[in-house]
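In: Okay, predicted coordinates and the sequence, questions at the end:
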Amino acid sequence: MEESDLEARTAKEYTLYRAGPTPLKDRLFRSSVFCAFAGVSWLIREHTAEHFSLKGFEEVFNPEQGEQGEQGEEGIKPPYLILLQHTTWYDFSNMLPVWFQFPSGHTFNAVTRRDYFPKIPPLNALVNGLAGAVSLPVYGMSSGKADSPEEREKRSRMNREVQEQVIAAYAKGISISLAPEGTSKGNGRISPIKAGAYHYSHFTTADGAAYAVPCVPIGVTYDFLSGKEKNGKRKQRVFARIGQPFMYSPVPRREREEPKAYEHRDKEAFNRKTRDAYIDLNTITAAQLASIFIYDKLERGQRTTTVGEFQIGIQDMVANLAEMPDVYLDQFLLDKEERKERLFLLYHALIQEGYLAPTSYGQHSICQSRAEQEPPLATFKKENILLHTYNKIAEVMEERAEIREAIRSAL
């Protein structure tokens, strides 16, 4: 960032960007493509997800129909920037069918990488072609992708061109959707937020006007352990929540602050808003509470448990959390009979996954080495799903003291 750019940024008030209706040809084209994608994704979701819930949609997009809306209140208007939390490849199949719920006239461009199947060229070319119809490419700058100065400059230039295409899409009333973390390969905690969301959240036009678009965070939580099995595979329980939109606003510049230092701090402030939204949009699941129960046992030096003790421990945590406002739980946890059945399935899943092993009648030992295994990030979710699950709720507990105290007091 040049000094002149910095002066312009900090001196301006960013106003909400408004665009006219999306041209009919764009709406028809994108609608047909998204309809095809969403239809295929819905079929995949039917086979992989036992449960899918979406909360907050009406409050943001149709508030007059939502629980918190007031008569006459309007929903958010395009263009806006959707910030989708990225946990797994299944985000694609679980979230795309939501497209059918958007009000008429809401159209989208995704920003995503290319070459998902480089080892299968025909499939890779097909996916690239289909994705290219309704998405813009993003070019990674991380180590291994842009090691040389020449490659970094090339990718920076291409990303700047994509940013211009994003602004052109906004001008047509087309919203942008992207996953700010840029990866689903992690240990369960929120991955570092990449720069793309920051750059797409605001812009300056040729005449010097400064605009920002609403940023709509969507938190996605998975329970990979308490779902029922079908054809030998355990199905997912998926919880998506749409948070309150926020707008980019530049942080005040410090005296004699260098442009690069300022931009870094400005990005960090924006990224913190995104991260805080994801923390608050977590849905507390049975698997998260089970992971707390198991790792608390290990921390206390206790190595055995029973299904009865397991169920009582989770029941006590649920009782405390259910009394708290703005804390969201998987609803089956609030039903005594369904909770008992689900926790029995979850306990059996922990045995299947090697976290519990039978000892004497009715008792199981906790396999510490299995629970504390630290796989590489690329395979973390697959190789240690319990620790992956625990890391997600542990991050929430670190950031939200009231949730931490409610849980800890029940153990």
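Out: Noted; the coordinates are in hand. Computed from a predicted model, the values in this text were never measured in an experiment. Residues are numbered from 1 along each chain as shown.

In: give the contact list for the residue minimising distance to the centre of the chain.
Out: Taking Cα atoms, centre = their mean, the centroid of the chain lies closest to Gln85, which sits 1.3 Å from it. When contacts are counted by Cβ atoms under 8 Å, 6 or more residues apart in numbering, Gln85 is found next to Ala179, Glu181, Ile190, Pro217, Ile218, Gly219, Val220, Tyr278, Leu281. The C-beta positions use only the backbone N, C-alpha and C, and glycine is treated the same way.

In: I'd like to know which of the residues you listed are part of helices.
Out: Tyr278 (DSSP state H).

In: Could you dump the contacts of Gln85 into CSV and include neighbour count?
Out: As requested, these are exported to CSV (neighbours: other Cβ atoms under 10 Å):
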residue, neighbour count
Ala179, 27
Glu181, 22
Ile190, 24
Pro217, 26
Ile218, 24
Gly219, 24
Val220, 23
Tyr278, 25
Leu281, 23
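
In: Need the contacts of Gln85 in JSON lines (columns: pLDDT and distance to Asn391).
Out: Shown next, in JSON lines, are the contacts of Gln85 (pLDDT from 0 to 100; distance: Cβ to Cβ, whole Å):
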{"residue": "Ala179", "pLDDT": "93", "distance to Asn391": "18"}
{"residue": "Glu181", "pLDDT": "93", "distance to Asn391": "14"}
{"residue": "Ile190", "pLDDT": "96", "distance to Asn391": "10"}
{"residue": "Pro217", "pLDDT": "97", "distance to Asn391": "20"}
{"residue": "Ile218", "pLDDT": "96", "distance to Asn391": "20"}
{"residue": "Gly219", "pLDDT": "96", "distance to Asn391": "15"}
{"residue": "Val220", "pLDDT": "96", "distance to Asn391": "15"}
{"residue": "Tyr278", "pLDDT": "97", "distance to Asn391": "13"}
{"residue": "Leu281", "pLDDT": "97", "distance to Asn391": "16"}
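
In: nearest spatial neighbour of Phe57, skipping sequence neighbours?
Out: With Cβ to Cβ, 6 or more residues apart in numbering as the criterion, Phe57 has its nearest non-adjacent residue at 5.4 Å, and that residue is Ile242.

In: Sorry, wrong one. I was asking about Thr204.
Out: Here the residue nearest Thr204, using Cβ to Cβ, 6+ apart, is Ala210, at 5.1 Å.

In: Tell me the spacing between Arg155 and Tyr198.
Out: Look at Arg155 and Tyr198: by Cβ to Cβ, to the nearest Å, they are 17 Å apart.

In: Neighbour count for those two, which is higher?
Out: Neighbour count, other Cβ atoms under 10 Å: between Arg155 and Tyr198, Tyr198 has more, with 20 against 16.

In: wait, that one sits on Asn271?
Out: Yes. Under the criterion of Cβ atoms under 8 Å, Tyr198 is in contact with Asn271, at a separation of 6.8 Å.

In: Show me where the stretch 151-300 of the chain has its strands.
Out: 174-178, 202-204, 210-212, 215-223, 229-230, 233-234, 236-242 (DSSP state E, counting those that start in this stretch).

In: next helix or strand past the helix or strand of the chain with the lowest mean pLDDT?
Out: For the chain, using mean pLDDT, DSSP states H and E, the weakest element among its helices and strands is helix 3-11, scoring a mean of 53. The element immediately downstream of helix 3-11 (helix or strand, assigned by DSSP states H and E) is strand 15-16.

In: That following strand - what's its average pLDDT?
Out: Strand 15-16 shows a mean pLDDT of 87.

In: okay, and the common contacts of Tyr198 and Asn271?
Out: By Cβ under 8 Å, 6+ apart, no residue touches both Tyr198 and Asn271.

In: low pLDDT regions in the stretch 101-250 of the chain?
Out: 114-116, 139-147 (pLDDT under 70).

In: Going by neighbour count, list what's buried in the helix or strand harbouring Asn128.
Out: Using DSSP H and E, Asn128 maps to helix 121-134. Applying a neighbour-count criterion of 16 or more other Cβ atoms under 10 Å, one finds Ala131, Val134 buried in helix 121-134.

In: How about stretch 394-402?
Out: In stretch 394-402, counting by 16+ other Cβ under 10 Å, buried: Ala394, Glu395, Val396, Met397, Glu399, Arg400.

In: Equivalent analysis for stretch 327-343, please.
Out: Buried residues in stretch 327-343 (16+ other Cβ under 10 Å): Val327, Tyr328, Leu329, Asp330, Phe332, Leu333, Arg339, Arg342, Leu343.

In: same thing with stretch 191-201?
Out: Ser191, Ile193, Lys194, Gly196, Ala197, Tyr198, His199, Tyr200, Ser201.
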